[in-house]
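In: any chance you can model this:
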Amino acid sequence: MKTKFISIFIGGLSILALSWSFFNHQENASLDLIFDKKINDGDLVFRSVNTGDSDAIHYNEFGIIEKSLGKLYVWDNQNALKRSFQDWVKEGNGGHIKVYSMKSLDFDINKQELKNGTYNHVMNSDALEFITENKQVKN
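Out: As a prediction, the model looks like this:
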């Protein structure tokens, strides 16, 4: 009887451990592309949707990050469409991603325009602070 109880107890603990591991992985799955927890609500994410073989990286799209209940979302540059972070990245052909925070409250990202087809000049401005990047985003 005692052996049966110990076996059931160990089996139950094993199931709990596996369940916790599975749910913990699922919770962090939306953050695996975001690299770490340094990203905050309102940060800007730029992506390159280049499909050519060029060595130059042209960041030609951006979004505003919303962090909600441990998940990440991206609002498009018109603040009209909210997508999951992973879907937004996949929509960009798995291009390079860079994340910045705004240092100045006076900075309005929506007034920024493409120059030579990119937002690289915006990313190099003093109004933004580089947070992190991912150069090998997978679809």
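
In: rest of the way, CA atoms for contacts and neighbours
Out: Fine.

In: is the residue lying closest to residue 46 once chain neighbours are set aside in a helix, a strand, or coil?
Out: In space, and not counting its chain neighbours, residue 46 is closest to residue 62: 4.2 Å by CA to CA, 6 or more residues apart in numbering. Secondary structure assignment for residue 62 (DSSP: H, G, I helix; E, B strand; the rest coil): strand.

In: what ranges of this structure fall below the confidence cut-off?
Out: Low-confidence segments of the chain (pLDDT under 70): 19-37, 50-56, 93-95, 135-139.

In: repeat the analysis, applying 50 as the threshold.
Out: Residues of the chain meeting the criterion pLDDT under 50: 27-28, 30-34, 137-139.

In: end-to-end on stretch 117-127?
Out: One end of stretch 117-127 sits 20 Å from the other (CA to CA, to the nearest Å).

In: go on, stretch 78-92?
Out: Per CA to CA, stretch 78-92 runs 16 Å from first to last residue.

In: having no further points to raise, I will conclude here.
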